[in-house]
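J.: please find the sequence and the predicted model below.
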Amino acid sequence: MERADAGDGDALLGRDVYLHRLRAGIAAMTAALGGLDVLVFTGGAGADAPRLRALAAEGLGFLRVALDARRNADGTAGDRDISATVARVRTSVMTAREDLEISRQVHHLLINNTNKENNHDLDVLRRVG
């Protein structure tokens, strides 16, 4: 984003293609779902890039997405609403927590895999750990 903001032609093209595909994906999923109630930005590109969120939202106004510039720019960590007060679609930033999902799945395997015939997954976990 820094290089694109500085006017680097290749970086601008890359950013614009990324934004086009992001908006197209959001619009396509919105059409498939029959509407949009909440738009959530997560992961490195979503949670840590206020400029990217702002640019993405600029092209989604027809879906009634609008960001509050101050909330969007706020560097506070954690989950938060960045919607403009007039927005019909709520927009949030959420911290990705893949580690929690991995932990849940491992816990499920350990608790539910007591049958000796089906302990292959548990054996793999023991060898990796």
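T.: Right, received. Where do you want to start?
J.: any idea which element Leu12 lies in?
T.: Leu12 is located in helix 9-33, with elements delineated by DSSP states H and E.
J.: and the contacts of that helix?
T.: The list of residues contacting helix 9-33 from outside it, by Cβ atoms under 8 Å, 6 or more residues apart in numbering, reads 1, 3-4, 36, 39, 52, 55-56, 59-60, 63. No exception for glycine: its C-beta is placed from N, CA and C like everyone else's.
J.: next SSE downstream of it?
T.: Counting by DSSP H and E, the element after helix 9-33 in chain order, helix or strand, is strand 38-42.
J.: contacting residues around stretch 74-81?
T.: Where contact means Cβ under 8 Å, 6+ apart, the residues beyond stretch 74-81 that reach it are 50, 71, 82, 90-95.
J.: so where's this structure shaky on pLDDT?
T.: Segments of the chain classed as low confidence (criterion: pLDDT under 70) are 113-129.
J.: okay if I get the contacts of stretch 74-81 as TSV plus neighbour count and secondary structure?
T.: Rendered in TSV, the data for the contacts of stretch 74-81 read as follows (neighbours: other Cβ atoms under 10 Å; DSSP: H, G, I helix; E, B strand; the rest coil):
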residue	neighbour count	secondary structure
Pro50	19	helix
Arg71	17	helix
Ile82	24	coil
Arg90	14	strand
Thr91	24	strand
Ser92	16	strand
Val93	23	strand
Met94	14	strand
Thr95	12	coil
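J.: distance to Ile111 added to those, as CSV?
T.: Converted to CSV, the contacts of stretch 74-81 look like this (distance: Cβ to Cβ, whole Å):
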residue, distance to Ile111
Pro50, 41
Arg71, 40
Ile82, 38
Arg90, 36
Thr91, 37
Ser92, 32
Val93, 33
Met94, 27
Thr95, 26
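J.: so what's the gap between the helix holding Leu12 and the chain middle?
T.: When distances are taken as Cα atoms, centre = their mean, to the nearest Å, helix 9-33 is centred 14 Å away from the chain's centroid.
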